[in-house]
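*Asks:* Here's a sequence, model it:
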Amino acid sequence: MANTYTWTYPQLDTAPTEGDLSDVIKTIHWRIDAVSDSEQDADDNYLSATMYGTTGVEVDDGVDFIEFNSVTQDWCKAKVLADMAQTEEEVQASLDAQIAEMASPSIVGKVPSSW
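*Replies:* The predicted structure follows:
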């Protein structure tokens, strides 16, 4: 099973000014989508899993400051992974496990036919 992973950052919250700095990134809103290229549901849709959240960003006297228009997705990903205290491989493994569980559930809900 091979999965495709897509990181997106739908919004960055900024402080208009902070000391001498402007557009200071304070929060990264992030999402990671994993889509299987082989596992499908009953409607032939490829199975997928998602993680999402927010990551706070601290600026210490301008040391970590990056101009808003210079920010990159790689910079955002590095901040998110550091906040999660996980490697990208560990995040992918967690999403892979979710997809594997959907493909072959370890617990299945059932109702007795006599009810």
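
*Asks:* buried sites along the longest helix seen in the chain?
*Replies:* Longest helix of the chain, by residue count under DSSP state H: helix 88-103. For helix 88-103, a neighbour-count test (16 or more other C-beta atoms under 10 Å) marks 91, 95-96, 98-100 as buried. Glycine gets a C-beta too; all of them are placed from N, C-alpha and C.

*Asks:* and those as JSON lines, adding pLDDT and distance to Trp7?
*Replies:* Putting these into JSON lines (pLDDT from 0 to 100; distance: C-beta to C-beta, whole Å) gives the following:
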{"residue": "Val91", "pLDDT": "96", "distance to Trp7": "9"}
{"residue": "Leu95", "pLDDT": "97", "distance to Trp7": "11"}
{"residue": "Asp96", "pLDDT": "95", "distance to Trp7": "15"}
{"residue": "Gln98", "pLDDT": "95", "distance to Trp7": "16"}
{"residue": "Ile99", "pLDDT": "95", "distance to Trp7": "17"}
{"residue": "Ala100", "pLDDT": "93", "distance to Trp7": "21"}
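
*Asks:* Mind putting those residues into JSON lines with distance to Gln11?
*Replies:* Putting the buried residues of helix 88-103 into JSON lines (distance: C-beta to C-beta, whole Å) gives the following:
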{"residue": "Val91", "distance to Gln11": "20"}
{"residue": "Leu95", "distance to Gln11": "22"}
{"residue": "Asp96", "distance to Gln11": "27"}
{"residue": "Gln98", "distance to Gln11": "24"}
{"residue": "Ile99", "distance to Gln11": "26"}
{"residue": "Ala100", "distance to Gln11": "31"}
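
*Asks:* hmm, back to that, for the longest helix of the chain, which helices and strands make contact with it?
*Replies:* With contacts taken as 3 or more C-beta pairs under 8 Å, 6 or more residues apart in numbering; DSSP states H and E, helix 88-103 sits against strand 3-18, strand 21-40, strand 46-56, helix 73-84.

*Asks:* quick one: that helix to helix 73-84, angle?
*Replies:* 80 degrees (axes from the mean of the first three to the mean of the last three C-alpha atoms, to 10 degrees).
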